[in-house]
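Student: need a structure here:
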Amino acid sequence: MKTCHQFKTVQAEYEREIGFMIAHSARHKGRPAAKSSAQQAVSTKARMARALSSHVGRCPECG
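Tutor: The predicted structure is shown next:
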């Protein structure tokens, strides 16, 4: 699938944020903060999927 620059930028930002949350979760293993960060990473993945899906639906270059 061919994607535009904005798609790649949005995807990279979300993946960076998810990486931070997963790393935080790994650093604080066994604490409530780790569980919270892991749950936020999962919800952020879902938000990323929604954002990219709606982008593809709107973007003439991607869609």
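
Student: and for this protein, the residue most distant from the center?
Tutor: residue 30 (23.6 Å; C-alpha atoms, centre = their mean).

Student: what separation is there between it and residue 38?
Tutor: Using C-beta to C-beta, to the nearest Å, we find residue 30 at a distance of 12 Å from residue 38. C-betas here are computed from N, CA, C, even on glycine.

Student: closest to the centroid, which residue in this protein?
Tutor: Geometric middle of the chain (C-alpha atoms, centre = their mean) lands on residue 14, at 3.3 Å.

Student: let me see the contact set for that one.
Tutor: Contacts of residue 14 were listed using C-beta atoms under 8 Å, 6 or more residues apart in numbering, and they are 44, 45, 47, 48, 51.

Student: please repeat the previous calculation with a cut-off of 7 Å.
Tutor: Neighbouring residues of residue 14 by C-beta atoms under 7 Å, 6 or more residues apart in numbering: 44, 48.

Student: ok, it to residue 44 distance?
Tutor: Here residue 14 is placed at a distance of 6 Å from residue 44 (C-beta to C-beta).

Student: do the same with residue 63
Tutor: Counting by C-beta to C-beta, the gap from residue 63 to residue 44 is 24 Å.

Student: higher neighbour count, the two?
Tutor: residue 44 (17 against 11; other C-beta atoms under 10 Å).

Student: so the more buried one touches residue 15, yeah?
Tutor: No. Contact criterion C-beta atoms under 7 Å: residue 44 and residue 15 do not qualify, at 9.4 Å.
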